[in-house]
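S.K.: fold the following.
(one chain, ligands or ions: 2)
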Amino acid sequence: MLNINNDIKKSSTINKEFYVNKNIYQQIINKVFTHSWQLITDKKTINTTNIFPFQFLDKSISEPMIIIKGNTIKCISNVCTHRAHLVVNESCNKSKLRCRYHGRTFDLDGKLNFAPGFKKALNFPTEKDNLIQYYSKNWHQFIFAAIKPKIRISQVLEDIDQRLPNYKFSNLTFDKNNSNSYFINTNWAIYCENYLEGFHVPFVHKGLTKDINYDSYKTLLIDNGVLQIAQASKNETAIDNTDNIYAFYYWIFPNLMINIYEWGISINIVEPISIKRTKIRYLSYPVRGKKQPTNSGSSLDKVEMEDQDVVISVQKGIESLAYQVGRYSPDHERGLHYFHLLINKYLNDIST
Ligand code: FES
Ligand SMILES: [Fe+2]
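M.R.: Residues are numbered from 1 along each chain as shown. Ligands and ions are numbered 1, 2, ... in the order given. Coordinates of the predicted model:
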């Protein structure tokens, strides 16, 4: 439907219908996001509690779920199997889950424990009275959750570990002050597309361009991921034990960006709200003893604003009568082309 040619040299970009057709947008939510892994939180941030409720992709899928932290991490539904009250309202530390509507309790693995008023109920309880099980995954301290995972992300996560065996992931700590949520009036994919090419860097990010050696900028494709590597122009901003690398920019299909720097990592989670409104959760994780650089020409808040400016402009252009499709730069837009091939693949997947 969206007509992406496997050969980037021949292909047009994705059809504009993808950005403006509400039916396609809903199919993307159902066929891509419902099958995706989402980064929810990290073990250190929920350190003092073992029960962490959240909405899986709030505003699009909005599925109430709970992370349970015990010897292992589990993810279960937060919807009571009696009459659907949410079981947990806030993070807490408990050995049972108790629904406050009619007092039903569940074990931490979601199994029904006690149901007041149900003594006379026949054929009760059954499996259906337990909380639904979802999926979770750990990578270093980070916790991912999924409803029906189909989009593999392990290869990208392994790639990070292989390229950065000495990186101090265990010393990363969430920095609330340098983290933020942004709401922008664009389709979620336009934000990802901009991230997936360094082509615009010398044009849009003058400050950043001084810090990197743009001629050595590389794009590598991984299973359901894209890695862009920028070399540092100055030694002091290079990541230790790497070949003078300024940043590894990892993107994981469909909506996660993990950026690895000398000072720590930043994470962007791109959450669709509607066909043309998007939330960006920007999370900063400096390595202990270091800080995310601020107030410089290449600081991430400045780069973020420069990127948001261009994606808002693209949204306006996409909606115009004048635009239908464009072409890919074979030299610079392989990551973008791969993103569109993945979109096409999942949209056409009839098993979902
Ligand atoms: S809805 Fe939870 S006990 Fe009734
Ligand atoms: Fe950018």
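S.K.: is P293 in contact with V303, as I believe?
M.R.: No. At 10.9 Å, P293 does not count as touching V303 under the criterion of CB atoms under 8 Å. No exception for glycine: its C-beta is placed from N, CA and C like everyone else's.
S.K.: number of nearby residues for N166?
M.R.: By other CB atoms under 10 Å, the residues close to N166 number 9.
S.K.: and if you look at F199?
M.R.: Residues near F199, counting by other CB under 10 Å, number 18.
S.K.: would it count as being in a helix?
M.R.: No. F199 sits outside any helix when classified using DSSP: H, G, I helix; E, B strand; the rest coil, being coil.
S.K.: contact residues of the stretch 251-352 of the chain facing ligand 1?
M.R.: With the criterion set to CB under 6 Å from any ligand atom, the stretch 251-352 of the chain never comes near ligand 1.
S.K.: please enumerate the helices of the stretch 251-352 of the chain.
M.R.: For the stretch 251-352 of the chain, the helices defined by DSSP state H, counting those that start in this stretch cover 300-318, 334-347.
S.K.: measure Y217 to ligand 1 for me?
M.R.: Y217 sits 54 Å away from ligand 1 when distances are taken as CB to the nearest ligand atom, to the nearest Å.
S.K.: contacts only, for that residue.
M.R.: For Y217, the contacting residues are 198, 201, 228-231, by CB atoms under 8 Å, 6 or more residues apart in numbering.
S.K.: change it to 6 Å
M.R.: With contact set as CB atoms under 6 Å, 6 or more residues apart in numbering, Y217 has these partners: 198, 230.
S.K.: output stretch 13-22 as CSV, restricted to C-alpha atoms.
M.R.: Provided in CSV are the C-alpha atoms of stretch 13-22 (Å, rounded to 0.1, in the frame of the first residue of the first chain):
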residue,chain,number,x,y,z
THR,A,13,9.7,7.8,0.2
ILE,A,14,6.6,6.5,2.0
ASN,A,15,3.3,7.8,0.6
LYS,A,16,1.9,10.8,2.4
GLU,A,17,-1.2,8.8,3.2
PHE,A,18,0.9,7.3,6.0
TYR,A,19,0.9,10.6,7.8
VAL,A,20,-2.6,11.9,7.1
ASN,A,21,-4.9,8.8,6.8
LYS,A,22,-6.5,8.1,10.2
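S.K.: gap between that stretch and the chain center?
M.R.: Centre-to-centre, stretch 13-22 and its host chain are 21 Å apart (CA atoms, centre = their mean, to the nearest Å).
S.K.: and if you look at stretch 247-264?
M.R.: Between the mean C-alpha point of stretch 247-264 and the mean C-alpha point of its chain there is a distance of 10 Å (CA atoms, centre = their mean).
S.K.: what residues does it touch?
M.R.: With contact meaning CB under 6 Å, 6+ apart, stretch 247-264 is reached by 32, 36, 39, 151, 153, 156, 172, 195, 224-230, 237, 239, 266-270, 285-287, 290, 292, 342.
S.K.: now do stretch 192-199
M.R.: With CB under 6 Å, 6+ apart as the contact definition, stretch 192-199 has outside contacts at 217, 226, 228, 257, 270, 307, 311, 332-333, 335-336, 339.
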